[in-house]
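Asks: from the sequence below, what's the structure:
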Amino acid sequence: MKSFKTMNTLFGWISFLIAWVVYALTIEPTASFWDCGEFITSAFKLQVGHPPGAPFFNLTGNFFTLFAKDPSQVAIMVNLMSATLSAFTILFLFWTITHIAKKIIVQNGSEITLSQSITIIGSGLIGSLVYAFSDTFWFSATEAEVYAYSSFFTAIVFWLILKWEDQHDKAG
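Replies: Numbers count the residues shown, from 1 in each chain. Reported below is the predicted structural model:
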């Protein structure tokens, strides 16, 4: 069981790294169409964008802008924030898929076999990376839009629900 947890953690971070590198290499160098220019500016200046304003986006975006060498790099840093949040979405999606696959494949109380581990980890890799490279998600991951942040919050909350379920079952 310990080796499965280690493999699951390792391959989760590998899926994150693959997604992050690809997104970082393909991010928009400046503001793209839509609301991206407004989101970049409001994050940089910590001003309110159009309703609902996206305060978490602005605060996190402002943190990323602190790493810009000069104002000409602000857009790429906010775009990099979206890429990073999207990569974290893939990480939590991987762990969600492996959690659910483990519930389906492994019987309660039985030891995980090597073939079951490969099946579970493979399911997580395939599922998370297919989603990572889907057109709409990849497009949102490479520009300063709130969709990456929304996907990240959704993925982490769903993963936390599954973790809570495990702990709840053990406590009862």
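Asks: which SS class is Gln107?
Replies: Secondary structure for Gln107, judged by DSSP: H, G, I helix; E, B strand; the rest coil, is coil.
Asks: show the pLDDT at it.
Replies: At Gln107, the predicted lDDT confidence score is 85.
Asks: now do Leu80
Replies: For Leu80, the model assigns a pLDDT of 95.
Asks: so it sits against Ile27, correct?
Replies: Yes: checked against Cβ atoms under 8 Å, the pair Leu80 and Ile27 is within contact range at 6.0 Å. Every C-beta, even on glycine, is put in place using the N, C-alpha and C of the backbone.
Asks: so what sits against both of those two?
Replies: Overlap of the contact sets of Leu80 and Ile27 (by Cβ atoms under 8 Å, 6 or more residues apart in numbering) is empty.
Asks: can you give me the buried ones in the helix-or-strand element of the chain with minimal mean pLDDT?
Replies: Least confident element among the helices and strands of the chain, by mean pLDDT, DSSP states H and E: helix 36-45 (a mean of 86). The neighbour-count check on helix 36-45 (16 or more other Cβ atoms under 10 Å) flags Cys36, Phe39, Ile40, Thr41, Ser42, Ala43, Phe44 as buried.
Asks: can you lay out those residues as JSON lines showing distance to Phe56?
Replies: Below are these laid out as JSON lines (distance: Cβ to Cβ, whole Å):
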{"residue": "Cys36", "distance to Phe56": "17"}
{"residue": "Phe39", "distance to Phe56": "12"}
{"residue": "Ile40", "distance to Phe56": "15"}
{"residue": "Thr41", "distance to Phe56": "17"}
{"residue": "Ser42", "distance to Phe56": "12"}
{"residue": "Ala43", "distance to Phe56": "10"}
{"residue": "Phe44", "distance to Phe56": "15"}
